[in-house]
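Novice: Only the shape, not the letters, is given here:
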């Protein structure tokens, strides 16, 4: 099912919100899945943390910045980011530090 803006699914106890996003260099359009209860957002290729011993790049990748810009108009209260391809979930504060926003 395509999503042009927002699609919501609920079982009456928990809600899943799916948002359309764009702007990364991997694909023109992609979806962000948000669970408002636990404040978790799921994304695919925007940012995946590397091993702890690897320093972050001097400039944040364009996809990470595009993900951040996609989140701004949505005004979601994100606590945790879950990457589809990544080894672990990580706090929003870690992502903001990575892109130089905190």
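Specialist: Ah, there it is. These numbers come from a predicted model, not from an experiment.

Novice: need the helices for this structure, in chain order.
Specialist: Using DSSP state H, the helices assigned to the chain run over residues 62-71, 92-98.

Novice: now the first one, how far from the centre of its chain.
Specialist: For helix 62-71, the distance between its averaged C-alpha position and the chain's averaged C-alpha position is 8 Å (CA atoms, centre = their mean, to the nearest Å).

Novice: partners of the residue nearest the centre of the chain in the sheet?
Specialist: The residue lying closest to the centre of the chain (CA atoms, centre = their mean) is residue 43, at 4.4 Å. Here residue 43 sits in beta bridges with residue 83, going by DSSP bridges.

Novice: Would you mind confirming that it makes contact with residue 67?
Specialist: Yes - between residue 43 and residue 67 there is a contact under CB atoms under 8 Å: 6.0 Å. Where C-beta positions appear, they are placed from N, C-alpha and C, glycine not excepted.

Novice: For residue 33, see how far away the residue located most distally from the centre of the chain is.
Specialist: The C-alpha centroid of the chain is most remote from residue 12, which lies 24.4 Å away (CA atoms, centre = their mean). Computed as CB to CB, to the nearest Å, the residue 12 to residue 33 distance reads 19 Å.
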